[in-house]
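K.L.:
Fold the following.
(2 chains)
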Number of protein chains: 2
Amino acid sequence: MKFLCQQADLSSSLSLVSRAVSGKPSLPILTNIKLVATAGRVQLTGFDLSLGIQTSFGAEVSEAGEIALPAKLLNDIVSRLPSGEITIEQNDSQNGDGIVVTVKSQTGTYQVRGMDATEFPELPEPEDGEIQHLPITALIDGLRGALIACSQDETKPILTGVNFKLEAEKLEFAATDGHRLGVVETFLEAEQGAESTLELTVPARALRELEKMLGGKQAIEKISFSLGEGQAVFAWETAHGQQQLITRTIEGNYPDYRALIPSSFGKQVTIDRKQLVSALERIAVLADQHNNLVKFTISNENQSLDLSVEAQDIGSGRESLTAQVSGDDIEIAFNVRYLLDGLKNINAQDVAINLNGVLEQVVFSPVGGAKTIYLVMPVQIRG
Amino acid sequence: MKFLCQQADLSSSLSLVSRAVSGKPSLPILTNIKLVATAGRVQLTGFDLSLGIQTSFGAEVSEAGEIALPAKLLNDIVSRLPSGEITIEQNDSQNGDGIVVTVKSQTGTYQVRGMDATEFPELPEPEDGEIQHLPITALIDGLRGALIACSQDETKPILTGVNFKLEAEKLEFAATDGHRLGVVETFLEAEQGAESTLELTVPARALRELEKMLGGKQAIEKISFSLGEGQAVFAWETAHGQQQLITRTIEGNYPDYRALIPSSFGKQVTIDRKQLVSALERIAVLADQHNNLVKFTISNENQSLDLSVEAQDIGSGRESLTAQVSGDDIEIAFNVRYLLDGLKNINAQDVAINLNGVLEQVVFSPVGGAKTIYLVMPVQIRG
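P.N.:
So this is what the prediction gives:
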């Protein structure tokens, strides 16, 4: 194998696929990334047996071939090389050194020990399923709105993922950890629609990587995806070529979260989202010292929402905010961290808070904007 | 105690003095900062029994007084308050709540439990010693050049500090951990001079805080300092008033580091500092995997400096740099981390490397610029 490429192309590709390389893998080969050089292109793959990331870039390939190279070491060296041309060449293995490549740049020459690419496990082969297209903004909204509500508890694996539900032209993202629920409804690219209803659950870790990979790339407009038994594939085009993320799905039936969402509410508060977030962040300073609880006092007469916190032996705080209130007055308490997680992710100027009783589900949703629900269970106020 | 001030003044002062508040203090009172309100001014003090930081700002004081308040909690709340006016008022203690203050801003009211200010230990009283003045750039150069060579080893306390030597119009900063030595010679403000020679050693922790506090403040031109038995005081003027850092010194005699510096050298290499640093950073990727060693191969014939690293079973690397070389060829090895520490801190385009034999002290110094020495002991090359 021998090719010549630009440092910037190799470096950005290495850092992308390295996201799928585990720090403590189950097999030594998985600390590596796989390089495959074919006519005019080099493809890189990182894979941790659950999540795989693949990308490719243009290169002058003078000798096709494939090899597995240590991801971190190669990334650390290449990212520090000066910009310009780099040559990567596999040494003649006849001299008994094993598999070694030479990385050459303007001033320096590095030799790095690699492994046989045939030891690198194959990515799950994408099924010949339907390929759907989603606007990138819809995907990002969906991921953000659901990921915040994923459980960290590995004893209930199904809750550590995001549930995808594809139905006609609609794709719904949902996640719950039992205390809160995030649901975002998005729509496929115009004139598309799924032939059959499909539902599966994708690990949060893979989706967090997907969100990071796409978050900064405003140039990408849409993403294609296919959901199949046991796996999901997300793919998108960049200026350099196609990139894709393949992930295994989580087995099991996702709970019927729709049943948790009340069909009607007796009270509603509409309030400026940023003001509410700032006030909650101050309240959280004291709440974090005690039991994380913040009390909402909602007054129809004053058209106000007061937040208060009591941290015994430390201090107390109160914030008064103007709000549009309909329905009866209520005092209701929440875990302040759950509220901040959800409210920071709602993409709207104003937020609507929909309530019934003091121990019933409360739903936060943006006024205007995406169809997003963030449902939180209140906490009983003692004493 | 009652005063009205600007959120920005209180917040920046709190974060400044909080640098001297230890996370795990030996006495509960030391988690607090002390507030003293007098006519038109509020003074804040943080102190961990070794390092003290003091600042003050203008305020409308309607009731003078003093109190100790929890540093982290108060800082966390005040930094999140909206900009504008804040009132701080000590509650009437007759209601049996103990010492409590109320912090009021536009939208919110917070009550924070405090302690009696008389429990707060007094800062060491500055001696009536000579006050010297040093240009801020000289102080920063001195701190940077010496702090990198301080020891982390608490069993030899004297080596965990920076040695200050004041002699006539000269102030010398020095530190060594036994493997390397940093020495910077600076000069007092014009027409100043110390009456007597003075030498003492200041803890690195206090000086690192001083460096951070002054690093971003280009508006400060000079700093005044007084060095006394058992303590050092650094003070400077800001737009808001005087700030000062007081620190205890470390007892003991500092080793005679001047004896370590060779009086003449047989070889010299002059090289672009940034190119050398970049190449060392790449070499360090492999060196860090093995024994941190980098080998310098200096050739008079080629007028070159080659860097090389061998990390067994992992890989190897070589970088070739052009340099001006005088004297015989030499192969000599160093701990790559020691070199990077020193070279990153040298403030010059080119650096001179002065050498004798393969096991003798090597001195790095800027070409032009401050009188700075960074001395490193080489490592024996085996095999």
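K.L.:
what residues go with each domain of chain A?
P.N.:
Chain A breaks down into these domains under automatic domain parsing: A:2-119, A:132-259, A:262-376.
K.L.:
Export these as JSON lines, with columns for mean pLDDT.
P.N.:
Shown next, in JSON lines, are the domains of chain A (pLDDT from 0 to 100):
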{"stretch": "domain A:2-119", "mean pLDDT": "94"}
{"stretch": "domain A:132-259", "mean pLDDT": "91"}
{"stretch": "domain A:262-376", "mean pLDDT": "95"}
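K.L.:
In chain A, spot the helix with the most residues.
P.N.:
Of all the segments of type helix in chain A, defined by DSSP state H, the longest one is helix A:273-287.
K.L.:
Run through the residues of the stretch 201-350 of chain A sitting next to chain B.
P.N.:
Within the stretch 201-350 of chain A, the positions near chain B by Cβ under 8 Å from any Cβ of the partner chain are A:275, A:278-279, A:281-282, A:285-286, A:289, A:313-321. From N, CA and C alone the C-beta is placed, and that goes for glycine too.
K.L.:
same question, the stretch 1-150 of chain A
P.N.:
Within the stretch 1-150 of chain A, the positions lying close to chain B (Cβ under 8 Å from any Cβ) are A:70, A:73, A:76-77, A:80-82, A:100, A:107-113.
K.L.:
From these, pick the one nearest A:N356.
P.N.:
A:D76 (55.2 Å; Cβ to Cβ).
K.L.:
Can you get me a residue count around that closest one?
P.N.:
The number of residues packed near A:D76 is 19, by other Cβ atoms under 10 Å in any protein chain shown.
K.L.:
so which of the domains of chain A comes closest to B:V36?
P.N.:
Of the domains of chain A, nearest to B:V36 by Cβ to Cβ is domain A:262-376, at 20.9 Å.
K.L.:
got the end-to-end distance for the closest one?
P.N.:
Start and end residues of domain A:262-376 are separated by 12 Å (Cα to Cα, to the nearest Å).
K.L.:
how far is that domain from where the chain is centred?
P.N.:
25 Å (Cα atoms, centre = their mean, to the nearest Å).
K.L.:
what do you get for stretch A:233-240?
P.N.:
For stretch A:233-240, the distance from its own C-alpha centre to the chain's C-alpha centre is 16 Å (Cα atoms, centre = their mean).
K.L.:
which residues touch that stretch?
P.N.:
Residues from elsewhere that reach stretch A:233-240 (Cβ atoms under 8 Å, 6 or more residues apart in numbering or on different chains): A:9, A:13, A:55-58, A:126, A:136, A:210, A:214, A:217, A:219-220, A:222-226, A:242-246.
K.L.:
Quick check on the residues of the stretch 201-350 of chain A next to chain B: which are buried?
P.N.:
A:275, A:278-279, A:282, A:285-286, A:289, A:314-321 (16 or more other Cβ atoms under 10 Å in any protein chain shown).
K.L.:
what about the residue nearest to A:Q275 when sequence neighbours are not counted, which helix or strand?
P.N.:
In space, and not counting its chain neighbours, A:Q275 is closest to A:L321: 5.9 Å by Cβ to Cβ, 6 or more residues apart in numbering or on different chains. Here A:L321, judged by DSSP states H and E, is contained in strand A:315-322.
K.L.:
Direction included, what does that strand pair against?
P.N.:
According to DSSP bridges, strand A:315-322 forms sheet pairs with strand A:304-311 (antiparallel), strand B:108-113 (antiparallel).
K.L.:
can you give me the angle the last one makes with helix A:273-287?
P.N.:
Pointing back at strand B:108-113 there. 10 degrees (axes from the mean of the first three to the mean of the last three Cα atoms, to 10 degrees).
K.L.:
Redo the strands paired with strand A:315-322 as a markdown table? Include mean neighbour count and distance to A:L143.
P.N.:
Formatted as a markdown table, the strands paired with strand A:315-322 follow (neighbours: other Cβ atoms under 10 Å in any protein chain shown; distance: least, Cβ to Cβ, whole Å):
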| stretch | mean neighbour count | distance to A:L143 |
| --- | --- | --- |
| strand A:304-311 | 21 | 29 |
| strand B:108-113 | 20 | 33 |
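K.L.:
got those as a markdown table, with distance to B:R258 columns?
P.N.:
Shown next, in a markdown table, are those (distance: least, Cβ to Cβ, whole Å):
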| stretch | distance to B:R258 |
| --- | --- |
| strand A:304-311 | 57 |
| strand B:108-113 | 52 |
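K.L.:
how about those strands, which one is nearest B:N91?
P.N.:
Nearest of these (Cβ to Cβ): strand B:108-113, 7.4 Å.
K.L.:
does the residue nearest the centre of chain A count as helix, strand or coil?
P.N.:
In chain A, the residue lying closest to the centroid (Cα atoms, centre = their mean) is A:R208, at 2.3 Å. Three-state assignment for A:R208 (DSSP: H, G, I helix; E, B strand; the rest coil): helix.
K.L.:
any idea how far chain B is from it?
P.N.:
27 Å (Cβ to the nearest Cβ, to the nearest Å).
K.L.:
what's the answer for A:L355, then?
P.N.:
22 Å.
K.L.:
same question, A:N302
P.N.:
For A:N302, the distance to chain B - Cβ to the nearest Cβ - is 14 Å.
K.L.:
so what's that residue up against?
P.N.:
Not one residue lies near A:N302 by Cβ under 8 Å, 6+ apart.
K.L.:
now swap in A:Q380 and tell me
P.N.:
Counting by Cβ under 8 Å, 6+ apart, A:Q380 touches A:333, A:358-359.
K.L.:
same thing but 10 Å
P.N.:
Neighbouring residues of A:Q380 by Cβ atoms under 10 Å, 6 or more residues apart in numbering or on different chains: A:293, A:332-333, A:358-359.
K.L.:
try A:I223
P.N.:
Contact analysis of A:I223 by Cβ under 10 Å, 6+ apart lists A:132-136, A:138-140, A:189, A:210, A:214, A:234-237, A:244-245.
K.L.:
and it, what element?
P.N.:
Per DSSP H and E: strand A:222-228 holds A:I223.
K.L.:
partners of that strand, with directions?
P.N.:
Counting by DSSP bridges, the strands paired with strand A:222-228 are strand A:132-135 (antiparallel), strand A:231-237 (antiparallel).
K.L.:
Just send the ones you listed back as JSON lines, with mean neighbour count too.
P.N.:
Below are the strands paired with strand A:222-228 laid out as JSON lines (neighbours: other Cβ atoms under 10 Å in any protein chain shown):
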{"stretch": "strand A:132-135", "mean neighbour count": "18"}
{"stretch": "strand A:231-237", "mean neighbour count": "20"}
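K.L.:
Select, out of those, the one closest to A:R41.
P.N.:
With respect to A:R41, and counting by Cβ to Cβ, the nearest of the strands paired with strand A:222-228 is strand A:231-237 at 14.4 Å.
K.L.:
Restrict that closest one to CA atoms and write it as CSV.
P.N.:
Provided in CSV are the C-alpha atoms of strand A:231-237 (Å, rounded to 0.1, in the frame of the first residue of the first chain):
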residue,chain,number,x,y,z
GLN,A,231,-28.9,-1.9,12.9
ALA,A,232,-29.3,1.6,11.8
VAL,A,233,-27.2,3.4,9.1
PHE,A,234,-26.9,7.2,8.8
ALA,A,235,-25.1,8.6,5.8
TRP,A,236,-24.4,12.1,4.4
GLU,A,237,-22.3,13.7,1.6
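K.L.:
what comes up buried for whichever helix or strand comes after that strand?
P.N.:
Toward the C-terminus, strand A:231-237 is succeeded by strand A:242-248 as the next helix or strand (DSSP H and E). Going by neighbour count (16+ other Cβ under 10 Å), the buried part of strand A:242-248 is A:243-248.
K.L.:
Noted, bye for now.
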